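J.: Let me see the structure of the following:
(chains A and B)
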Number of protein chains: 2
Amino acid sequence: MASSSKVDTDHSITSSSPIISTKLSRMDLILRILLFVKTLAAIIVMVTSKQKKEVFPAAHLVVVAKFDHSSAFIYFVVAISVACLYSLVTALRSAIRPYSHSRTLFFTAFFDALIFGVVASAVGAAASIAYVGAKGNPHVGWSKICNLFDKFCKHIGGSLILSVSASITLIFLMMISTFSLYRRSR
Amino acid sequence: MASSSKVDTDHSITSSSPIISTKLSRMDLILRILLFVKTLAAIIVMVTSKQKKEVFPAAHLVVVAKFDHSSAFIYFVVAISVACLYSLVTALRSAIRPYSHSRTLFFTAFFDALIFGVVASAVGAAASIAYVGAKGNPHVGWSKICNLFDKFCKHIGGSLILSVSASITLIFLMMISTFSLYRRSR
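T.: This is a model prediction of the structure:
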């Protein structure tokens, strides 16, 4: 174990060796796979949130709640899909050819941060609408809908938890790529 | 000019010299001041959005629109205030003592990305509520309010434009700090 750790440290400081250590490289790959799983799950949970409800059984009046009834939820699905695709491409890249150039690491650090911003904005957009759906806003007369569409709201909540978890994964990925550049720059 | 550029390049690759070039350092300071101005302006425009409207003059019925009637707008003000304070502290740091250590640059790159995520989530949250305010959502019976509160909505729109502009400034700042680490790591 001690010898393996020594090898990792040496890798990070000699210019002919891989740009990030084996341990960090493995962690990077695992986190990218995790990001892919979380974002894919968040999309599936969001798009399967459709719920029908019969409000007046005598009149057969049925109301439907669907994610695409809200622009914020549509934006959420598009943004999380971008993050999902990004995680797949970078996971494959990380698996096939671990970061061998500083330039690859620089672009990875930058795009990880950019995708983090995209996911954060999607979480903000969807969470604010979900909050109004759950609590309503009496100041402007927007009534809550979660008392009627319980399954729909549970799906939205689940999808939001998954995407917040994906954001945290992205923070760790940003940390790894920036830290690897820092180790190389000392 | 050619000689100045040569000096900058040399600075970036010799370990005893400043960690980022003079040009990049100056650009970093300017962008941090710009970020401070934009975030401060976004907060001021948002908190001064209050509008009163007499809906039934005969009955003296007055309705009020204020940013703190929405949790998303309160979150927006808190998040943009954090970014504003961060820009002030890092601008002062950048002015007094330009990045002399790789470690400072690493933390700057990481926290710039983190604050970018905070600002992006705030923009997402406020924009999604502003969109419902402007267009309404007939699927759930949320009526638009911008036909009544025009001044209020203009303030929200202005504040959103300023915060999107602050996000773009943060992208450039992230680029500078990550690029400086990359130059050093080659």
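J.: in chain A, which helix has the most residues?
T.: helix A:150-185 (DSSP state H).
J.: List the buried residues in that one.
T.: Of all the residues in helix A:150-185, those buried under the rule 16 or more other Cβ atoms under 10 Å in any protein chain shown are A:152-153, A:155-160, A:162-167, A:169-185. (Glycine included, C-beta is placed from N, CA and C.)
J.: right, and the helix or strand after the lowest-mean-pLDDT helix or strand in chain A?
T.: Of all helical and strand segments in chain A, the minimum by mean pLDDT, DSSP states H and E falls on helix A:2-13, at a mean of 41. Remark: after helix A:2-13, the chain's next helix or strand is helix A:22-47, criterion DSSP states H and E.
J.: mind listing what's buried in stretch A:130-150?
T.: Neighbour-count burial for stretch A:130-150 flags A:130-133, A:136-137, A:140, A:142, A:144-146, A:148-149 (criterion: 16+ other Cβ under 10 Å).
J.: which pair in the residues you listed spans the largest distance?
T.: Across the buried residues of stretch A:130-150, the longest distance by Cβ to Cβ is 20.0 Å; it joins A:140 and A:149.
J.: So the longest helix of chain A, near chain B or not?
T.: Yes. Using Cβ under 8 Å from any Cβ of the partner chain, we find that helix A:150-185 touches chain B at A:167, A:171, A:174, A:175, A:178, A:179, A:181, A:182, A:184, A:185.
J.: what's near enough to touch the closest residue to chain B within chain A?
T.: At 3.1 Å from chain B, residue A:124 is the closest residue in chain A, using Cβ to the nearest Cβ. Contacts for residue A:124 (Cβ atoms under 8 Å, 6 or more residues apart in numbering or on different chains) come out as B:72, B:75, B:120, B:121, B:122, B:123, B:124, B:125, B:126, B:128.
J.: Regarding residue A:122, which helix or strand does it belong to?
T.: Using DSSP H and E, residue A:122 falls within helix A:102-135.
J.: Check which residues of that helix are buried.
T.: Those would be A:102, A:104-106, A:108-110, A:112-133, for helix A:102-135 by 16+ other Cβ under 10 Å.
J.: what do you get for stretch A:50-63?
T.: Neighbour-count burial for stretch A:50-63, counted by 16+ other Cβ under 10 Å, picks out residue A:51.
J.: ok, now stretch A:82-96?
T.: Of all the residues in stretch A:82-96, those buried under the rule 16+ other Cβ under 10 Å are A:82, A:83, A:84, A:86, A:87, A:88, A:90, A:91, A:94.
J.: Verify the stated contact: the first one with residue A:117.
T.: It refers to residue A:82. No. The criterion here is Cβ atoms under 8 Å, and residue A:82 misses it with residue A:117 at 11.2 Å.
J.: can you redo the contacts of residue A:124 as a markdown table with distance to residue A:68?
T.: Below are the contacts of residue A:124 laid out as a markdown table (distance: Cβ to Cβ, whole Å):
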| residue | distance to residue A:68 |
| --- | --- |
| B:72 | 21 |
| B:75 | 25 |
| B:120 | 23 |
| B:121 | 22 |
| B:122 | 25 |
| B:123 | 22 |
| B:124 | 18 |
| B:125 | 20 |
| B:126 | 22 |
| B:128 | 14 |
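J.: Most widely separated two among these?
T.: B:72 and B:120 (13.8 Å).
J.: tell me the centre residue of chain A?
T.: residue A:166 (3.3 Å; Cα atoms, centre = their mean).
J.: For residue A:97, give me phi and psi.
T.: Backbone torsions for residue A:97, taken as degrees, to the nearest 10, come to phi -140, psi 90.
J.: make that residue A:145, sorry
T.: phi -120, psi -10.
J.: residues touching it, list them.
T.: Residue A:145 is in contact with A:65, A:133, A:152, A:153, B:140, counting by Cβ under 8 Å, 6+ apart.
J.: per-residue confidence at the residue found closest to residue A:182 once you drop the neighbours it is linked to in the chain?
T.: Nearest non-adjacent residue to residue A:182, counting by Cβ to Cβ, 6 or more residues apart in numbering or on different chains: residue B:106, 3.7 Å away. Per-residue confidence (pLDDT) for residue B:106: 90.
J.: Surely residue B:106 is in contact with residue B:181?
T.: Yes. If you go by Cβ under 8 Å, residue B:106 and residue B:181 touch, sitting 6.6 Å apart.
J.: overlap in contacts of those two?
T.: In contact with both residue B:106 and residue B:181: A:178, A:181, A:182, using Cβ under 8 Å, 6+ apart.
J.: Export those residues as CSV, with columns for pLDDT and distance to residue A:53.
T.: CSV is the format used below for the shared contacts of residue B:106 and residue B:181 (pLDDT from 0 to 100; distance: Cβ to Cβ, whole Å):
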residue, pLDDT, distance to residue A:53
A:178, 91, 48
A:181, 86, 52
A:182, 87, 54
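J.: which outside residues touch stretch A:147-157?
T.: Stretch A:147-157 is contacted from outside by A:45-46, A:48-51, A:53, A:55, A:63, A:65, A:67, A:73, A:126, A:130, A:133-134, A:145-146, using Cβ under 8 Å, 6+ apart.
J.: same deal with stretch A:158-168?
T.: Counting by Cβ under 8 Å, 6+ apart, A:35, A:38-39, A:41-43, A:45-46, A:49, A:76, A:80, A:83, A:116, A:119-120, A:122-123, A:126-127, A:130, B:117 sit against stretch A:158-168.
J.: ok, now with 10 Å
T.: A:34-49, A:67, A:73, A:76-77, A:79-80, A:83-84, A:87, A:115-117, A:119-120, A:122-123, A:126-127, A:130-131, B:117, B:121 (Cβ atoms under 10 Å, 6 or more residues apart in numbering or on different chains).
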